[in-house]
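Participant: Fold the following, please.
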Amino acid sequence: MTTSASVGAPEREALPDLRRHMAFRAHGAVRLLLKCRAALEDIEGAVAAGQPEVAVLMAYDLVQLSLSVRGLRTHGELSFAAEQVSFDPFAGVPEGEVEEGLRLAGDLEAVTEGRGGAWLDELREHLAVTERQLGYSRPLPDVRSGSGLMKGFKLARTWSPQMLRLGLPDVMPGNWTQRDD
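Facilitator: Prediction:
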């Protein structure tokens, strides 16, 4: 039955699960800052050094990490170890995004035929799309710079108490925050 209050009212998108939304934004940001950006720098270095095979191997890592951030929106895994065989970087990611990301990562021909700069720009844009999906009002800091590192820690300090309140894993790696007694 339609009521007068609902006639012509815009449909609202269902609110996401708060815990998943918070985990996506917090863990996604940290994974992007610590893992994805480091992988991108490695790729840039490999292209500059004329090592196309290394660049493509690192691009696969970057794309998998980036897609794993996107998957956190729905049911991707919050924490993982790089060597963890059971980790699925594509969990919760639409198939088309996976195919496009893997096609981009594996474009060895672009790197070997002198189009490495354009290929890097595409990888940067792929990562920028992932970052924009996190929903922050401005770009995340570059934690590999002096001022960006402190901004990254501030972001993590902001998220850590919220993660604990919701019963979610902390955004900071345990070996960074726990004392060796």
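Participant: The residue nearest the centre of the chain sits in which helix or strand?
Facilitator: Of all residues in the chain, the one closest to the mean position by Cα atoms, centre = their mean is residue 69, 3.5 Å from it. Using DSSP states H and E, the element containing residue 69 is helix 52-71.
Participant: Any chance you could list what contacts that helix?
Facilitator: Helix 52-71 has contacts (Cβ atoms under 8 Å, 6 or more residues apart in numbering) with 28, 31-32, 35-36, 39-40, 42-43, 46-47, 76-77, 80, 87, 89-93, 97-98, 101-102, 104-108, 111-112, 116, 123, 126-127, 130, 133-134. C-betas here are computed from N, CA, C, even on glycine.
Participant: mind running it again at 6 Å?
Facilitator: Residues outside helix 52-71 that contact it (Cβ atoms under 6 Å, 6 or more residues apart in numbering): 28, 31-32, 35-36, 39-40, 42-43, 46-47, 76, 89-93, 101, 105, 108, 111-112, 127, 130.
Participant: Any of those buried? List them.
Facilitator: Buried subset of those (neighbour count, 16 or more other Cβ atoms under 10 Å): 28, 31-32, 35-36, 39-40, 42-43, 46-47, 76, 89-90, 92-93, 101, 105, 111, 127, 130.
Participant: still on that earlier bit, now the helix holding residue 69: mean pLDDT?
Facilitator: Helix 52-71 carries an average pLDDT of 95.
Participant: Need the residues that contact stretch 102-122.
Facilitator: Stretch 102-122 is contacted from outside by 47, 52, 55-56, 59-60, 63, using Cβ under 6 Å, 6+ apart.
Participant: mind running it again at 8 Å?
Facilitator: 43-44, 47, 52-53, 55-56, 59-60, 62-63, 123, 126.
Participant: Out of these, the closest to residue 155 would be?
Facilitator: Closest approach between the contacts of stretch 102-122 and residue 155, by Cβ to Cβ: residue 62, at 21.0 Å.
Participant: roughly how far is the helix or strand harbouring residue 127 from the heart of the chain?
Facilitator: Using DSSP H and E, the element containing residue 127 is helix 116-133. Distance of helix 116-133 from the chain centroid (Cα atoms, centre = their mean, to the nearest Å) equals 12 Å.
Participant: what's the angle between that helix and helix 52-71?
Facilitator: Going by axes from the mean of the first three to the mean of the last three Cα atoms, to 10 degrees, helix 116-133 is angled at 10 degrees with respect to helix 52-71.
Participant: circling back to that earlier point, identify those among the contacts of helix 52-71 that sit within helices.
Facilitator: When helices are assigned by DSSP state H, the members of these inside them are 28, 31, 39-40, 42-43, 46-47, 101, 105, 108, 111-112, 127, 130.
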